[in-house]
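*Asks:* Curious how this folds, go ahead:
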Amino acid sequence: MLSTIRRFGVPSALRASAPRSISARYVAQLPKWQAPATLSSLPAIRSLHSSGALFSAEAAQAVAEQTEPRRITEFADLGSEGIVNQSIIKNIIQPDRMNIKTMTDVQSLTLNEIVKGSDVLAQAKTGTGKTLAFLVPTLQNILNDPTIDLKALARRSRSSPSEIRALIISPTRELAEQIAVEARKVAFGTGVLVQTAVGGTAKRAGLQKIQNEGCHLLIGTPGRLKDILSDPWTGVAAPKLNTLILDEADRLLDQGFSADIEEIQTLLPKPSEVDRQTLMFSATVPREVMQMVRHTLKPGFQHINTVREDEVPTHERVPQKMVYMRGLENGLPALMDLAKSWQNRRDDGEELRPFKAIVYFNSTAETKISADVFHNIRRTREFRDSNLSNLTMLEINSRLTQQARTRSADTFRRAREGILFSSDVTARGMDFPDVTHVVQVGVPRDRETYIHRIGRTGRAGKEGEGWLFVHQGERDMLRKRLRNLPLAIDTTTLPSAAADMANVSESSPAAETITQFKEAFEQVDTGAKVASYMGQLGTATGNFGDKRDAIQALNNMYVKGYGMPSPPEINPRVAQLMGLNRIEGVRVGTGSRAPRDGQGFGDRGDRGGFGGFSRDRGDRGGFSRGDRGDRGSFSRGDRGDRGGFSRGDRGGFSRGDRGDRGGFSRGPRRALDGDFGDSFRF
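*Replies:* Below you'll find the model as predicted:
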């Protein structure tokens, strides 16, 4: 022990001997913020130098307990004790603003460690307030930075695009935008400038705002951040960065962003030159996350886990029901039955919240056509006169512009009742209040996807329920992927699920709903129907035990559900690659040209049927014409910001969203929008 003291000093000795090391770090790290009055003074710890009687594990632990700060649980106390700026606190607690009084576990437990300047790995479930947990101390950290002119902030003066003090990396555009909305609420009136750097249509506007207005807190996706920080022409840099935050760290790694994050860190000032605090927030901490932790966080970082071992996970707590569909075409009528049943129960006096559902599909094309059909029904007089007339109908998928996706997300958050048709872009990290139902159409690509989708309901102590609609042909894959989940089979609630849409009797309880959908499908563009068929090829052939059963189910959907005279033709090369060229029921075309939009192979992610050879893992594409198939030559899909080889707007080969500039360019890589299914990787 004494040799340790001679070599490394008292703080290191205490770390070696004491089960709890918090007090030692008070000496080892000077806090970036002014410590609250409740903390014990540093001289009390320094007195250990002259007291040999304290050199024992028990004594060191006692000192640690005495010097450990009191846990604060009310936001108002952060202001009254001088820990956080009063403007920030008012923004959080005032009823006409955010109206949040009490801190969650992840907020109260991480605050003191972040205040001290410690690197932190925080593990907490989705929906427990992680965003506010890192935003509050980060914004205060910016206000406390001595190199920032507070008077200029108060005057809201324009700052330089190289004044970035904090950087937040998010796995998806939607989540980055959501964090930015919350950050602006918290920072209101402080003068701190919050900007975003995401792909899609918002990329140029975001860069211009940074250049014209300046930025102190930048929130973005990995591909877009790497692009603007590596390009000297943007003028955006972070030479004074003191805080780096990785939000949803497990998802960042799951979606293959590790290399991008490492490259971003090479574009930031070296920690040896500018002291930097790194915070990682994650719902889970698998081995891959710990590998990143070892390369990113400082030795002695704090691992704060707020997930109790005895806590029942959401996917076990939320009631879950499963319905077998007669055919793939029965999914949408069954969804309508679910909404009608819920609203009828409310009309009968049951104390139920208004129907607010997120419906997940395994491809963009399914999402698109489902939203179109429901919009067609919503315009009918019959629907406007029903008890469902107040339902807001919205959709989110990668085919929409970023502006449209953000608008849909914001509208659904505010909606009292409604249906959001979504691909997996909203499955993780997104917070939508008061969701009563999560409906999943088709067997999800894996167990994790199912669980994260279910996590959109039953939040903030409010009850919700999950529904899974599957075809009989998916039984084997259902057992393989979702075994041991509390799924109860429901055979009575949704009569349309078992109805024959080609021959339903007038006396059937499903007759009215089936008729509604037949009429609505007649109004849908033929191209959208073809895209939906092609978009489900990869999903169906992967989920069904027999490819012949999969093709038969798709053909029935196209003819019985969509009302088309015959199934669409499949490009011969695509049919050969998928092993479908000799399957009964497949209509193989005679041409040799490349597949057109909507006539591609698969789409097990967010690609719809747009694209040739693609089983997209969240817009990562495969060999495809991708988003620019009408113009474009050889593309690797929309990979968020990653793109592929594409002609862009002005020709030239380009990788991703810099294609509009032409030339041979790598562009930003991956502001994934969240669909992460199986894919062909490159």
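*Asks:* which stretches of the stretch 1-150 of the chain aren't confidently modelled?
*Replies:* Low-confidence segments of the stretch 1-150 of the chain (pLDDT under 70): 1-69, 150.
*Asks:* Could you pull out the buried residues of the longest helix anywhere in the chain?
*Replies:* Of all the segments of type helix in the chain, defined by DSSP state H, the longest one is helix 331-347. When burial is assessed from 16 or more other CB atoms under 10 Å, helix 331-347 yields the following buried residues: 331-340, 342-343, 346. C-betas here are computed from N, CA, C, even on glycine.
*Asks:* so how far is stretch 342-356 off the chain centroid?
*Replies:* 30 Å (CA atoms, centre = their mean, to the nearest Å).
*Asks:* Check the buried residues of helix 331-347 against residue 170 and report the nearest one.
*Replies:* Minimum distance to residue 170 across these is 30.4 Å, recorded for residue 335 (CB to CB).
*Asks:* re earlier: what is the longest helix of the chain packed up against?
*Replies:* The elements that helix 331-347 packs onto, with contact taken as 3 or more CB pairs under 8 Å, 6 or more residues apart in numbering; DSSP states H and E, are strand 320-325, strand 356-360, helix 364-378, strand 437-441, strand 465-471, helix 511-522.
*Asks:* Strands along the stretch 451-600 of the chain, start to end?
*Replies:* For the stretch 451-600 of the chain, the strands defined by DSSP state E, counting those that start in this stretch cover 465-471, 487-489.
*Asks:* that older thread, now do the longest helix of the chain and strand 356-360, the angle between them.
*Replies:* Note on geometry: by axes from the mean of the first three to the mean of the last three CA atoms, to 10 degrees, helix 331-347 and strand 356-360 are set 160 degrees apart in direction.
*Asks:* residues making contact with helix 331-347?
*Replies:* 323, 325, 352, 354-355, 357, 359, 370, 373-374, 377, 386-388, 391, 419, 436-437, 439, 441-442, 467, 469, 493-497, 499, 501, 510, 513-514, 516-517 (CB atoms under 8 Å, 6 or more residues apart in numbering).
*Asks:* Of all the strands of the stretch 451-600 of the chain, which one is nearest residue 410?
*Replies:* Taking CB to CB, strand 465-471 is the member of the strands of the stretch 451-600 of the chain nearest to residue 410, at 24.2 Å.
*Asks:* Okay, buried residues for that closest one please.
*Replies:* Neighbour counts over strand 465-471 (16+ other CB under 10 Å) mark 465-471 as buried.
*Asks:* Take these and lay them out in JSON lines including distance to residue 558 and pLDDT.
*Replies:* Below are the buried residues of strand 465-471 laid out as JSON lines (distance: CB to CB, whole Å; pLDDT from 0 to 100):
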{"residue": "465", "distance to residue 558": "31", "pLDDT": "91"}
{"residue": "466", "distance to residue 558": "28", "pLDDT": "93"}
{"residue": "467", "distance to residue 558": "24", "pLDDT": "96"}
{"residue": "468", "distance to residue 558": "23", "pLDDT": "96"}
{"residue": "469", "distance to residue 558": "18", "pLDDT": "97"}
{"residue": "470", "distance to residue 558": "19", "pLDDT": "96"}
{"residue": "471", "distance to residue 558": "14", "pLDDT": "95"}
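*Asks:* Could you export those to TSV, including columns for distance to residue 75?
*Replies:* Below are the buried residues of strand 465-471 laid out as TSV (distance: CB to CB, whole Å):
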residue	distance to residue 75
465	32
466	33
467	37
468	39
469	42
470	45
471	49
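*Asks:* closest to residue 184 among the residues you listed?
*Replies:* For the buried residues of strand 465-471, the nearest to residue 184 is residue 466 (32.8 Å; CB to CB).
*Asks:* still on that earlier bit, can you check which of the helices and strands packed on helix 331-347 gets nearest to residue 578?
*Replies:* Of the helices and strands packed on helix 331-347, nearest to residue 578 by CB to CB is helix 364-378, at 16.4 Å.
*Asks:* Show me what the closest one is packed against.
*Replies:* When contacts are defined as 3+ CB pairs under 8 Å, 6+ apart, helix 364-378 packs onto helix 331-347, strand 392-396, strand 418-422, helix 511-522, helix 526-535.
*Asks:* just the angle between the third one and helix 364-378, please?
*Replies:* Right, the one you point to is strand 418-422. 160 degrees.
*Asks:* State the number of residues packed around residue 146.
*Replies:* By other CB atoms under 10 Å, 5 other residues sit near residue 146.
*Asks:* er, residue 516 actually
*Replies:* Counted with other CB under 10 Å, residues neighbouring residue 516 total 20.
*Asks:* Then residue 590?
*Replies:* Neighbour tally, residue 590, other CB under 10 Å: 6.
*Asks:* Which stretches in the stretch 101-250 of the chain count as helices?
*Replies:* 105-115, 130-143, 150-154, 173-187, 202-213, 222-230, 249-254 (DSSP state H, counting those that start in this stretch).
*Asks:* For the ones you listed, give me a markdown table that also has distance to residue 279 and mean neighbour count.
*Replies:* A markdown table is the format used below for those (distance: least, CB to CB, whole Å; neighbours: other CB atoms under 10 Å):
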| stretch | distance to residue 279 | mean neighbour count |
| --- | --- | --- |
| helix 105-115 | 7 | 23 |
| helix 130-143 | 5 | 25 |
| helix 150-154 | 23 | 12 |
| helix 173-187 | 13 | 23 |
| helix 202-213 | 22 | 17 |
| helix 222-230 | 16 | 26 |
| helix 249-254 | 10 | 24 |
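*Asks:* Now tabulate the ones you listed in CSV and tack on distance to residue 77.
*Replies:* CSV is the format used below for the helices of the stretch 101-250 of the chain (distance: least, CB to CB, whole Å):
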stretch, distance to residue 77
helix 105-115, 10
helix 130-143, 13
helix 150-154, 23
helix 173-187, 17
helix 202-213, 33
helix 222-230, 35
helix 249-254, 29
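*Asks:* how is this structure carved up into domains?
*Replies:* As recorded under automatic domain parsing, the domains making up the chain are 2-67, 75-305, 314-522.
*Asks:* Would you mind saying which of the ones you listed lies nearest residue 554?
*Replies:* Nearest to residue 554, of the domains of the chain and by CB to CB, is domain 314-522 at 6.7 Å.
*Asks:* Distance from the chain centre to that closest one, please.
*Replies:* Distance of domain 314-522 from its chain centroid, counting by CA atoms, centre = their mean, is 19 Å.
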